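**Q** missing the sequence, but the structure's below:
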Ligand code: NDP
């Protein structure tokens, strides 16, 4: 069983040397345990926060242990009555090829149906990132039909689900993404009404101008994934009583400061700004997954995936994700 451990903590930018590849034997199963062979590992931006010493909203990842991560795979051996060999499952198996899971631990392993939804989608559109988009849109932004809603990191795992969910609610949906290819894909494939390439608009002034053109009726809802000057530019274009769901601030995950230039706009435009952590709302996941699964089955949510090959490629693929090298959901194909 090949595994990637967190070997040491980043100082500033995360680097490949923070990780270590090791090989171990999988332990014999005890009563109630299940052995899972991982087909895919999910790479997600939150993992960067876990690499730091300081507690953010989650505990730091302990040094010398297998990196945390979502996985999908199949049961290859079971000493639990609920799971049998061949079951396809989603869990938190970590950056490794196999995991031994306590079948009784609540929420640790869930069987999934791949009749209409490919297995890997349970790590993206019909998994944690999809539910994240659903929560921020429906529970915080709560748009009315005809309103304009915006999202940053638009072509990614969360952004692509957001577009499908917002279109289903009759909104004008505008994305912000890095580069012409990602923007063209957002409009042509994901159903965005417009998408702004932030690399062409590298400061508040030009970004605010582009937003004015893409959002002629102003912005009623914003789903924040990035932070920094993009947030400033969006706030300038908000309508009165707009809602901002603060989901992520990836531009600052490697330590860059993200000052807000014009906080008075919160008062002037009577904004509601609310942060959230999707794992704190497990009671809503079934409802969200149901809607996301239906959108996929209907062909209304067609997420793209970037797949790195082999566990040894996980560190580089993860560092690439933090720099926008991924196109859509970043996965690692294991075995
Ligand atoms: P993505 O698939 O969107 O990948 C990350 C993307 O972020 C990159 O592709 C890149 O897209 C963009 N990005 C990276 N660095 C920067 C930067 N400096 N400035 C602007 N954009 C940048 O990831 P996810 O969809 O999985 O996650 C999106 C966001 O949601 C993250 O911020 C993540 O932390 C957050 N999140 C929060 C959760 C919660 O519970 N609050 C749960 C899940 C995710 P581009 O090339 O377009 O810039």
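**A** Thanks, I have it. No experiment lies behind these values; they were computed from the predicted model shown.
**Q** got a pLDDT number for the closest residue to residue 295 other than its chain neighbours?
**A** Among residues not flanking residue 295 along the chain, residue 301 sits closest, at 3.9 Å (C-beta to C-beta, 6 or more residues apart in numbering). The way it works is simple: take the backbone N, C-alpha and C, and place the C-beta from them, glycine included. Here, the pLDDT recorded for residue 301 equals 96.
**Q** Now do residue 301 against residue 211, distance only.
**A** 25 Å (C-beta to C-beta, to the nearest Å).
**Q** three-state assignment of residue 162?
**A** helix (DSSP: H, G, I helix; E, B strand; the rest coil).
**Q** should've said residue 8
**A** Residue 8 ends up coil, using three-state DSSP.
**Q** That one - how many residues pack around it?
**A** 13 (other C-beta atoms under 10 Å).
**Q** Run through the residues that contact it.
**A** Residue 8 sits next to 17-18, 63 when contact means C-beta atoms under 8 Å, 6 or more residues apart in numbering.
**Q** got a list of contacts for the helix or strand hosting residue 222?
**A** For residue 222, the host element (DSSP states H and E) is strand 219-224. For strand 219-224, contacts defined as C-beta under 8 Å, 6+ apart pick out 133, 136-137, 141-144, 147-152, 158-159, 162, 171, 174, 211, 231, 234, 237-239, 242-249.
**Q** switch to 6 Å and redo it
**A** 136, 141, 143, 147-151, 162, 231, 234, 237-239, 242-247 (C-beta atoms under 6 Å, 6 or more residues apart in numbering).
**Q** quick one: which of the contacts of residue 8 has the most company?
**A** Once you tally neighbours by other C-beta under 10 Å, residue 18 ends up highest among those, having 20 neighbours.
**Q** Spatially, what comes nearest to the spatially most central residue of the chain if we skip its sequence neighbours?
**A** With distances taken as C-alpha atoms, centre = their mean, residue 129 lies nearest the centre of the chain, 3.9 Å away. Nearest non-adjacent residue to residue 129, counting by C-beta to C-beta, 6+ apart: residue 157, 3.6 Å away.
**Q** so that neighbour touches residue 327, yeah?
**A** No: assessed by C-beta atoms under 6 Å, residue 157 is found out of contact with residue 327, at 10.8 Å.
**Q** and those two? which has more neighbours close in?
**A** Legend: neighbour count by other C-beta under 10 Å for residue 157 and residue 327, higher for residue 157 (30 against 16).
**Q** OK, contacts around the more buried one?
**A** Applying C-beta under 6 Å, 6+ apart, the residues near residue 157 are 124, 129, 329.
**Q** Does residue 208 lie in a helix or a strand, and which?
**A** Residue 208 belongs to helix 204-214, assigned by DSSP H and E.
**Q** buried stuff in that helix?
**A** For helix 204-214, the neighbour count (16 or more other C-beta atoms under 10 Å) marks 204, 207-208, 210-211, 214 as buried.
**Q** what does stretch 10-22 give?
**A** In stretch 10-22, counting by 16+ other C-beta under 10 Å, buried: 10, 14, 18-20.
**Q** so how many other residues sit close to whichever residue of the stretch 51-200 of the chain sits closest to the ligand?
**A** Across the stretch 51-200 of the chain, the shortest distance to the ligand (C-beta to the nearest ligand atom) belongs to residue 156, at 1.8 Å. Neighbourhood size, residue 156 [other C-beta under 10 Å]: 33.
**Q** which one is it nearest to, not counting chain neighbours?
**A** Of all residues not flanking residue 156 in the chain, residue 328 sits nearest, at 6.6 Å (C-beta to C-beta, 6+ apart).
**Q** was I right about residue 77 contacting residue 33?
**A** No: the pair residue 77 / residue 33 is not scored as a contact, 8.7 Å apart, by C-beta under 6 Å.
**Q** before we move on, back to that, show me what contacts the residue nearest to residue 156?
**A** 303-306.
**Q** Likewise for residue 305?
**A** By C-beta under 6 Å, 6+ apart, the neighbours of residue 305 are 328-329, 331.
**Q** Equivalent analysis for residue 122, please.
**A** Counting by C-beta under 6 Å, 6+ apart, residue 122 touches 72, 90, 112.
**Q** what angle do the helix holding residue 208 and strand 219-224 make?
**A** Orientation of helix 204-214 against strand 219-224 (axes from the mean of the first three to the mean of the last three C-alpha atoms, to 10 degrees) gives an angle of 130 degrees.
**Q** Numbering from 738 from now on, please.
**A** In the new numbering, first residue 738, that becomes helix 941-951.
**Q** Identify the residues contacting helix 941-951?
**A** 911, 931, 933, 938, 966, 969-970, 973-974.
**Q** touching the ligand at all, it?
**A** No: using C-beta under 6 Å from any ligand atom, helix 941-951 stays clear of the ligand, coming no nearer than 11.3 Å.
**Q** what are the ranges of the helices in the stretch 838-987 of the chain?
**A** Ranges of helices within the stretch 838-987 of the chain are 865-872, 894-905, 917-925, 941-951, 966-973, based on DSSP state H, counting those that start in this stretch.
**Q** still on that earlier bit, would you format the contacts of residue 894 as a markdown table with pLDDT and distance to residue 955 included?
**A** Listed next are the contacts of residue 894 as a markdown table, based on pLDDT from 0 to 100; distance: C-beta to C-beta, whole Å:
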| residue | pLDDT | distance to residue 955 |
| --- | --- | --- |
| 861 | 98 | 31 |
| 866 | 98 | 28 |
| 1066 | 98 | 31 |
